[in-house]
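*Asks:* Quick one, what's the 3D model for this:
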Amino acid sequence: MDTSSSAELRAFDATIRTGSMSAAANLLGIRQPTVSAHIANLERQFGSDLFVRHGRGLQPTEMARRLAEITSRISRAEDDAALLLASVRSHYEGALRVCAIGPYNVMPIIAAFHTKYPRIRISMTLGDSRTVVRAVTEHRQDVGLLLHAVEDPAVHCLPFRRQPLIVFAEKHHPLAICGAINLHELDGQEFVLREEGSQTRKVFEAGMREAGIRIRTAIEVGSRESVREAVAQRLGLGVVARTAFVPDPRLVALDIRGLTLATHVHLICLAERKSDALVERFLQTAESLKPAA
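*Replies:* Numbering: from 1, shown residues only. Sure, this is the predicted structure:
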């Protein structure tokens, strides 16, 4: 009876995780033809196609998806074993992958974590909330930070902080030069908003609808930096979490009576990994930084 080697299974697992044999080769530190040969050997041994080739892309078959459920567990077990051995040997050397919807909340956690465990390498990527959740659940990232709770039994979700929203304007905007204003004075105003899917936008628009205030979207942009620049060019008002508001001589945060909207920052990881050495210590570090209730 033919048996597949661990090298072949690792090549398969890397291919299905990265989406291509060339990316899998880079991940494993081997040549692409070697990955291709490993996949071909698996298919030949068991008489079942694992990928359907479409031009330069690969589409996993049903057999591949079933096999991936097993190889992902093998891969995680190998990673966990290596991490355990490394932690004992070197007082927590290793690598931790963090993804977040922005840098403002996560960077203080990373800084505190780095102070405690300076030998641990941290990589951080940014994306919207859906990207963060997907990256964690697909095992591409270890910990995620986003602006809402995740209702999924496979995901461990740790509340971190409440952050109020503020509305800001270019300093010569009529609302910026009249001091404190009431919430209803936002009615009919043009706003520069993030793209659909932004949790800040979702919370703000829902709050405005509940208050009976109609706002107009002047322009949609893909980042907080773009919102700030568009507002500075008087394209509309902007809304952002107070922690993410960057002081700028061109901009003014409005004093709005009755504005009580907020987003809620959460940290997430896979429930099955919350006790992993580095993940657990990162979450503990975050807990130590949580504001007092």
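
*Asks:* all strands for the stretch 1-150 of the chain, in order.
*Replies:* Here the stretch 1-150 of the chain has its strands, by DSSP state E, counting those that start in this stretch, at 51-54, 57-60, 94-100, 120-126, 143-146.

*Asks:* Tell me the buried residues in the fourth one?
*Replies:* Along strand 120-126, these residues count as buried under the neighbour rule (16 or more other CB atoms under 10 Å): I120, I122, M124. C-beta coordinates here come from the backbone N, C-alpha and C atoms, glycine included.

*Asks:* So among those residues, where is pLDDT lowest?
*Replies:* pLDDT across the buried residues of strand 120-126 is lowest for I120, at 90.

*Asks:* Give me the contact list for stretch 284-293.
*Replies:* The contact list for stretch 284-293 (CB atoms under 8 Å, 6 or more residues apart in numbering) reads P108, I109, A112, F113, K116, L158, F160, R161, L267.

*Asks:* any idea how far the closest residue to the first one other than its chain neighbours is from C269?
*Replies:* Of all residues beyond its chain neighbours, the one nearest P108 is L289 (6.2 Å), with distances taken as CB to CB, 6 or more residues apart in numbering. L289 sits 17 Å away from C269, going by CB to CB, to the nearest Å.

*Asks:* Then I16?
*Replies:* From I16 to C269 the distance is 22 Å (CB to CB).

*Asks:* Pipe the strands of the stretch 1-150 of the chain into CSV and attach distance to N41 per row.
*Replies:* Converted to CSV, the strands of the stretch 1-150 of the chain look like this (distance: least, CB to CB, whole Å):
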stretch, distance to N41
strand 51-54, 13
strand 57-60, 16
strand 94-100, 30
strand 120-126, 32
strand 143-146, 36
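
*Asks:* How many residues are close by the residue nearest to P108?
*Replies:* L289 has 14 neighbours, counted by other CB atoms under 10 Å.

*Asks:* Use 27 as the first number for this chain going forward.
*Replies:* Okay, residue one is now 27; in that scheme the one you just asked about reads as L315.

*Asks:* Tell me the predicted confidence for it.
*Replies:* Reading off the confidence values, L315 has pLDDT 91.

*Asks:* Next: Y118.
*Replies:* So Y118 comes in at 58 (pLDDT).

*Asks:* Show me the residue sitting in the middle of this structure in space.
*Replies:* Geometric centre of the chain, nearest residue: V158, 2.6 Å, by CA atoms, centre = their mean.

*Asks:* Against R123, how distant is the residue lying closest to that one once chain neighbours are set aside?
*Replies:* Nearest non-adjacent residue to V158, counting by CB to CB, 6+ apart: G170, 4.1 Å away. According to CB to CB, G170 stands 10 Å off from R123.

*Asks:* More neighbours: these two, which one.
*Replies:* A count of neighbours by other CB under 10 Å puts G170 above the other of G170 and R123, at 29 against 19.

*Asks:* Correct me if wrong: that one contacts C295.
*Replies:* Yes: with contact defined as CB atoms under 8 Å, G170 counts as touching C295 (7.2 Å).
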